[in-house]
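In: Fold the following and give me the result.
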Amino acid sequence: MKLDVSLDLAKGPFEKELAVPFDVAEVTVAGEARKVEGPEEVSLHLVFDGSHLSVDGGCDCSVTYPCDRCLTDTVVDSPVEISLDFPVSDGHIQVTPDDPEDFVENGHIIDISAVIAEELLIGKPGKVLCRPDCKGICPVCGQNLNEGTCNCDRTVPDPRMQQFQDVFKKFKEVE
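Out: Here you go, the predicted model:
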C-alpha cells in the first residue's frame, strides 16, 4: 500500500484522514516468512504544515509464529502504531542517503506496507508460547508433550555428580 502525496504537497498545508487498504500478507522473521492478518483498511491521519509531513495511524494485526517450546504455529496479536514525520522541501519529502528507513520513494510516495512490516518485526515478543503451561517437545524422540507422553528416559545426569557416580560404581565392582 503506497501512498502518493505529491498532489497534496503541491497544494500547500493540509490535514486529512485516509483509509488505505491493508496488503501485508507476510513478514520475514529470521529468514522465514510468517503469515500476517490484519484489517481490510488502515486509517491514517496526515498533517502537512508547509515544512513537515506527519503520518499517524494504526491497526491491530496478528502474526503466526512457532511456539518456542513445542514449535506449534501460534497466532500472536500485534498492535501497530504508525507515527512518521518527514521534512518537506520544494514539494518533496527530504530523505538523507544514510537514513535507514526505506519508506519513501521518489520524494513523494510513502510505502505504508514497509512501515507496518517493520513495526511487526520490532513488536515481536521475546518469547512465544502456544499456552502458558506448554510442555514442549521430548528431547529424545521429538514427541509434542502437549499432545501426549512418551516412554523415553529424559533424565539428564548432573555432570558435577559424575565423579561420585564413578566412586559408587567402583564399590559395586568390589562387592
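
In: which secondary structure element contains the residue minimising distance to the centre of the chain?
Out: Residue closest to the average C-alpha location in the chain (C-alpha atoms, centre = their mean): residue 121, at 3.0 Å. Using DSSP states H and E, residue 121 falls within helix 112-122.

In: For that helix, what is the distance to the chain centroid?
Out: Distance of helix 112-122 from the chain centroid (C-alpha atoms, centre = their mean, to the nearest Å) equals 8 Å.

In: Surely the residue nearest to the centre of the chain is in contact with residue 27?
Out: Yes. At 6.3 Å, residue 121 counts as touching residue 27 under the criterion of C-beta atoms under 8 Å. (Each C-beta comes from the backbone N, C-alpha and C, glycine too.)

In: ok now do the residue nearest to the centre of the chain, which residues does it touch?
Out: Residue 121 sits next to 27, 29 when contact means C-beta atoms under 8 Å, 6 or more residues apart in numbering.

In: The same query, at a cut-off of 10 Å, please.
Out: Each residue near residue 121 by C-beta atoms under 10 Å, 6 or more residues apart in numbering is listed here: 27-30, 34, 63, 78.

In: With neighbour count and pLDDT as added columns, please give the residues you listed in TSV.
Out: Below are the contacts of residue 121 laid out as TSV (neighbours: other C-beta atoms under 10 Å; pLDDT from 0 to 100):
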residue	neighbour count	pLDDT
27	22	85
28	10	83
29	14	78
30	7	75
34	18	87
63	24	92
78	22	90
